[in-house]
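Asks: Output the structure for:
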Amino acid sequence: MSQTLTIEIDYQLSDKITLENLKQSYESNCEAYAALKLRRKNGEKLERYQLEDMNDFKEIRKALKRVITYYMDPYQQKEYFGAE
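Replies: Got it, this is the predicted structure:
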């Protein structure tokens, strides 16, 4: 027996959920990038795929930031991203 649950939410709540998911992705991406960058800074030789990952993380971070700002007003952007 299959049951279906339908939850209706307004666009504002939907936007808040989307924003929170994007912020989690952004923060996770930043952490992964920072970890690899620190390893390289400390003299560790990174594998080719790790260097490629770093470049990918950097590009993804820019893209996520751009999308996140769409869901924020200027005050929220400044509060979340600081004075970048």
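Asks: In which helix or strand does the residue nearest the centre of the chain reside?
Replies: Nearest residue to the geometric centre of the chain (C-alpha atoms, centre = their mean): Y26, 1.2 Å. Using DSSP states H and E, Y26 sits in helix 11-41.
Asks: Do me a favour and average the pLDDT over stretch 29-45.
Replies: For stretch 29-45, the mean pLDDT works out to 96.
Asks: which residues touch that stretch?
Replies: The contact list for stretch 29-45, computed with C-beta atoms under 8 Å, 6 or more residues apart in numbering, reads L46, Q50, D53, M54, F57, K58, I60, R61, L64. Heads up, the C-betas are built off the backbone N, CA and C, glycines and all.
Asks: so which of those residues comes closest to G82?
Replies: G82 has its nearest neighbour among these in R61, at 14.3 Å by C-beta to C-beta.
Asks: okay but that closest one is in contact with E27, surely?
Replies: No. Counting by C-beta atoms under 8 Å, R61 stays clear of E27, with 10.0 Å between them.
Asks: Among those two, which residue is more densely surrounded?
Replies: R61 (17 against 12; other C-beta atoms under 10 Å).
Asks: can you pull the pLDDT of that one?
Replies: R61 is assigned a predicted lDDT (pLDDT) of 96.
Asks: Relative to E31, how far out is it?
Replies: 11 Å (C-beta to C-beta, to the nearest Å).
Asks: quick revisit: out of the contacts of stretch 29-45, which sit inside helices?
Replies: Counting by DSSP state H, the contacts of stretch 29-45 place Q50, D53, M54, F57, K58, I60, R61, L64 in helices.
Asks: who are the neighbours in contact with the fifth one?
Replies: Which is K58. So K58 contacts Y33 (C-beta under 8 Å, 6+ apart).
Asks: The second one now?
Replies: Taking C-beta under 8 Å, 6+ apart as the definition of contact, the neighbours of D53 are A32, L36.
Asks: Could you tell me the model confidence score at E84?
Replies: 56.
Asks: likewise S2?
Replies: You'll see S2 listed with a pLDDT of 84.
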